[in-house]
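Colleague: When you get a sec, could you give me coordinates for this:
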Amino acid sequence: MAAPQDNAVIKQIEATHGPDDSQFSIKSLLSVIQDIIILSKPDNKRDDIQDISNKGIGSFDDKLVLKINNISWEILGNCSGGEQTNKTIFDVFNALSSFFWSGKAVLALAAFAVNYGEFWLLEQLRTTDPVAQSLALLEQLPSETVTFRNMADKLITNILDLLKYISSYEDLRSNNYVEPNTLKDMTIQIHTYNYWIIRSIVACQSQLTSLKTYGYTSSSTESSDITDLVEKLYQFGLSMRNQLDSCREQADEKRIEAVKQNLKKLFDISGKDNVTILKALISDKEDKPLYDGTSGERVKIDTLKRKTVLLYLSELKHSTLELSVLIDMYQQSGPKPEDYEIVWLPMVERSSLLKPEKKKTFTDIKNSMPWLTFHDVSLLDTAVVKYIKSEWQFSRRSMIKVVDGQGRLLVDHDAMHMILIWGNLAKPFSGKAEQTLWEKENWRVELLLNKIVPSAIQWAGKGKLICLYGGEDLEWIQKFKTTILAISRVANLPLMTLFMGASNMSNEIVNKYNAVISANEVNCTIVSYTEMMQFWARIESIWHSRVQSGMLPESDEIIREVFKMRSFDCSRRGWAIISDGSEEMAKGMGDAMLKCLSEYSMWMGNIEKKGFVAAIKDYISSFGTSDLRNTFSVTTTKLGELPHKMVCFECRREMKMSIRFTCCGD
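Modeller: Numbers count the residues shown, from 1 in each chain. Down below sits the predicted model:
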């Protein structure tokens with residue numbers, strides 16, 4: 001709290017202020033001042049200083065330089081402290097009457113830096129420069145120099161910090177989202193800060209003048225005053241930093257809300273043109289904000305006019321499987337699709353992307369994508385990211401939102417899953433197109449393996465037998481493989497076996513299992529790790545796509561089949577599915593399947609009448625229910641849907657629901 005006499009002085013100082021007609025760059029001048037202070041330190045060698053840039057040198061107006069020199073020589077140069085302190089302070093403010101409030105103290109510090117820098121420059125040259133060495137014979141370095149240096153450094157550091165905060169205040173004045181009353185309060189405070197900064201400069205200059213003139217600093221009382229000023233300026237800086245943080249936070253919240261409302265309004269009135277919407281989402285600041293990964297050129301948003309645009313939303317760490325499927329779909333149409341375009345919007349804070357390692361990651365990903373994204377991460381608007389996370393319910397899972405040629409958003413629709421299932425057949429990537437595709441689908445091998453193992457699709461299309469099996473029990477896997485191949489040879493059945501592992505398997509484990517499975521086998525079809533992970537990703541995509549198309553687990557057969565597959569996967573036991581390419585499949589857990597195959601002689605007579613798949617299916621159903629509990633897990637969809645009720649596919653009793661939290665990890 002300022003004393004009453006200080007308040008009176010500040011009122012007098014405010015009266016010295018004239019029209020604000022003299023402007024300059026605070027940041028540029030502060031940069032030069034900081035360079036002087038850093039270089040003047042005796043323990044700094046110029047060759048070791050990497051960050052000294054002398055920004056702004058040669059760019060200042062001649063009148064500004066003359067004003068700095070005038071204050072330095074005529075006012076501060078004759079400063080002797082004591083009773084003259086207040087007069088000197090008023091002389092400085094009168095000299096700065098035409099300058100804006102935020103710039104007054106910066107100019108005063110620049111004037112002091114001229115004297116301060118010259119004093120220490122001479123001291124540094126004493127050991128190298130012949131003229132300075134000669135001067136040293138006539139002028140000894142005062143014994144109190146080190147003490148003064150330490151005190152002055154602390155004071156100047158706190159002044160610089162406070163002035164940087166005042167510079168940030170100037171930036172906020174152009175922010176339309178800052179409350180006018182907040183700016184008004186801070187402006188009044190800056191008047192006070194100017195007084196104490198210039199008072200501190202005068203006190204420090206008084207000590208410097210005494211040191212140069214008499215070889216010692218002023219009285220201990222003045223030294224004590226400077227110690228008090230160091231603490232006072234530190235507290236001022238702390239207070240202003242907190243105010244600036246609060247002000248920025250409030251302004252940012254208002255801006256984000258304004259962006260949200262603007263985007264909502266644009267989507268509500270859309271129906272004519274998609275360019276306005278896309279500029280609001282991407283950038284309207286630059287003529288060519290986008291980068292084309294195919295041509296390597298900058299692109300205008302206008303080139304997307306009337307095109308369906310797939311907004312690919314993902315974190316920097318995203319699924320390579322999804323990316324490979326998207327690239328495959330994108331490049332099937334040649335160099336560029338004619339009827340749609342993909343634009344990648346990274347869902348990360350812009351401040352995070354400005355970090356060197358994150359920026360490099362962004363650049364590497366950008367260059368790996370053939371479609372469009374930001375040419376510069378600085379264009380990414382945090383407000384848009386927050387809008388997408390809140391309104392489109394983006395969390396960590398990648399998703400695709402579709403904006404059609406008229407700028408209409410397909411609300412509550414994530415096109416990622418239909419693309420992972422059908423690729424380009426999903427065009428125009430709408431909810432209606434998804435429903436139409438599902439009307440033609442049923443639970444069959446083609447749905448599970450389409451675009452993953454083409455040879456299996458061709459095999460099944462000829463009515464030949466396909467066997468998918470998996471799990472983590474290597475002993476069961478070997479027994480099952482040996483048994484079913486033996487039966488196929490005895491029965492002369494054309495059979496293709498595909499080991500699909502488990503969704504949690506690593507690449508190393510898959511390679512190990514494949515090596516064991518393929519040993520001593522002729523014409524063995526090996527599923528790669530990538531194909532295996534695509535298979536399990538497809539299972540999950542079927543669940544998400546089916547639910548967002550309006551299907552319910554209680555009444556939809558395909559969703560129930562997905563749950564069976566998830567149950568197989570969660571069990572960690574063996575499992576198998578056998579199909580002849582038709583809709584009918586024989587499926588079951590490992591123990592039941594191995595028992596069925598081991599008792600081949602008991603049901604082989606039914607093969608000719610019912611067919612191989614139906615014969616297995618009937619025989620397994622005669623076993624009754626397993627003593628082991630079936631369980632499965634599913635992730636929530638973008639709509640947040642989970643089944644309200646689920647019946648066990650073995651015992652037909654209603655299953656109990658539990659909640660499990662899983663760490664996604666980085």
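Colleague: In the chain, spot the helix with the most residues.
Modeller: The residue-count maximum for a helix in the chain (DSSP state H) belongs to helix 220-269.
Colleague: Which elements pack onto the host helix or strand of residue 420?
Modeller: Assigned by DSSP states H and E, residue 420 belongs to helix 416-422. With contacts taken as 3 or more C-beta pairs under 8 Å, 6 or more residues apart in numbering; DSSP states H and E, helix 416-422 sits against helix 320-331, strand 399-403, helix 431-439, helix 529-548. In this view, the C-beta of every residue, glycine as well, is placed from N, C-alpha and C.
Colleague: now that helix, how far from the chain's geometric center?
Modeller: Its chain's average C-alpha position is 25 Å from that of helix 416-422, according to C-alpha atoms, centre = their mean, to the nearest Å.
Colleague: now do stretch 535-552
Modeller: Taking C-alpha atoms, centre = their mean, the mean C-alpha location of stretch 535-552 is offset from the chain mean by 27 Å.
Colleague: So what touches it?
Modeller: Residues from elsewhere that reach stretch 535-552 (C-beta atoms under 8 Å, 6 or more residues apart in numbering): 319, 321-322, 412-414, 416-418, 420-421, 431, 434-435, 438, 447-449, 452, 500, 502-503, 527, 553, 556, 558-559, 562, 565-566, 569, 634-635, 637-639, 641, 643.
Colleague: ChimeraX command to pick out the buried ones of the residues you listed?
Modeller: Buried subset of the contacts of stretch 535-552, written as a ChimeraX selection, criterion 16 or more other C-beta atoms under 10 Å:
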select :319,321,322,413,414,416,417,418,420,421,431,434,438,448,449,452,500,502,503,527,553,556,558,559,562,565,566,569,634,637,638,641,643
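Colleague: which residues of the protein score low on pLDDT?
Modeller: The chain contains residues with pLDDT under 70 at 1-6, 42-59, 81-83, 126, 135-144, 214-223, 270, 520-523, 624-666.
Colleague: And the strands in it?
Modeller: 290-292, 298-299, 308-314, 340-346, 372-374, 399-403, 465-470, 495-501, 575-579, 585-589 (DSSP state E).
Colleague: and the fifth one, what other elements does it pack with?
Modeller: Secondary structure elements in contact with strand 372-374, counted by 3+ C-beta pairs under 8 Å, 6+ apart, are strand 290-292, strand 340-346.
Colleague: Pairing partners for the first one, with directions?
Modeller: Paired strands of strand 290-292, with direction, are strand 298-299 (antiparallel), strand 372-374 (antiparallel) (DSSP bridges).
Colleague: same thing with the longest one?
Modeller: Strand partners for strand 340-346, identified by DSSP bridges, are recorded as strand 308-314 (parallel), strand 372-374 (parallel).
Colleague: and that strand, C-alpha only, in PDB?
Modeller: C-alpha atoms of strand 340-346 as PDB (Å, rounded to 0.1, in the frame of the first residue of the first chain):
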ATOM      1  CA  TYR A 340     -13.800 -35.400 -51.900                       C
ATOM      2  CA  GLU A 341     -10.800 -34.200 -50.000                       C
ATOM      3  CA  ILE A 342      -9.200 -35.100 -46.600                       C
ATOM      4  CA  VAL A 343      -8.000 -32.300 -44.200                       C
ATOM      5  CA  TRP A 344      -6.000 -33.300 -41.100                       C
ATOM      6  CA  LEU A 345      -6.700 -31.200 -38.100                       C
ATOM      7  CA  PRO A 346      -4.300 -32.100 -35.200                       C
END
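Colleague: Next, the buried residues of it.
Modeller: 340-346.
Colleague: between the residues you listed, which is nearest residue 72?
Modeller: For the buried residues of strand 340-346, the residue nearest residue 72 by C-beta to C-beta is residue 346; the value is 50.0 Å.
Colleague: correct me, but that closest one touches residue 314?
Modeller: Yes - in this structure, residue 346 is within contact of residue 314 by C-beta atoms under 8 Å, at 6.8 Å.
Colleague: For residue 263, give me its contacts.
Modeller: 277, 280-281, 384, 387, 391.
Colleague: So for residue 589, which of the helices and strands packed on strand 372-374 sits nearest?
Modeller: Using C-beta to C-beta, these put strand 340-346 closest to residue 589, at 40.8 Å.
Colleague: if we look at that closest one, which residues are touching it?
Modeller: Here strand 340-346 makes contact (C-beta under 8 Å, 6+ apart) with 278, 281-282, 290, 304, 307-316, 326, 330, 353, 362, 365-366, 369, 371-374, 377, 380, 384-385, 388, 427-429.
Colleague: do stretch 228-236 as well
Modeller: 151, 154-155, 158-159, 161-162, 193, 196-197, 199-200, 203.
Colleague: again, only this time at 6 Å
Modeller: 154-155, 158, 162, 193, 200 (C-beta atoms under 6 Å, 6 or more residues apart in numbering).
Colleague: between those, which is closest to residue 134?
Modeller: The nearest member of the contacts of stretch 228-236 to residue 134, counting by C-beta to C-beta, is residue 155 at 32.3 Å.
Colleague: Near residue 560, how many other residues are there?
Modeller: A total of 16 residues lie near residue 560 under the criterion other C-beta atoms under 10 Å.
Colleague: Any idea which residue is closest to the centre of this structure?
Modeller: Nearest to the mean C-alpha position of the chain, by C-alpha atoms, centre = their mean, lies residue 348 at 1.8 Å.
Colleague: Grab the nearest non-local neighbour of residue 294.
Modeller: Nearest residue to residue 294 in three dimensions, chain neighbours excluded: residue 370, at 4.7 Å (C-beta to C-beta, 6 or more residues apart in numbering).
Colleague: give the contact list for that neighbour.
Modeller: By C-beta under 6 Å, 6+ apart, the neighbours of residue 370 are 293-294, 330.
Colleague: ok, and the most crowded of these?
Modeller: With neighbours taken as other C-beta under 10 Å, the top of the contacts of residue 370 is residue 330, carrying 23 neighbours.
Colleague: any idea how far residue 397 is from that one?
Modeller: Applying C-beta to C-beta, to the nearest Å, the value for residue 330 to residue 397 is 20 Å.
Colleague: Likewise for residue 228?
Modeller: To residue 397, residue 228 is 57 Å away according to C-beta to C-beta.
Colleague: do the same with residue 300
Modeller: For residue 300, the distance to residue 397 (C-beta to C-beta) stands at 31 Å.
Colleague: The two: which is more packed in?
Modeller: Between residue 300 and residue 397, residue 397 has the larger neighbour count (other C-beta under 10 Å), namely 19 against 13.
Colleague: Pull up the gap between that one and residue 327, please.
Modeller: 19 Å.
Colleague: follow-up on the earlier one: same list (the buried residues of strand 340-346) but as CSV, adding distance to residue 20.
Modeller: As requested, those are exported to CSV (distance: C-beta to C-beta, whole Å):
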residue, distance to residue 20
340, 54
341, 49
342, 51
343, 45
344, 46
345, 42
346, 42
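Colleague: just the residues you listed now: which is nearest residue 249?
Modeller: Minimum distance to residue 249 across the buried residues of strand 340-346 is 23.3 Å, recorded for residue 346 (C-beta to C-beta).
Colleague: Fine, thanks again, bye for now.
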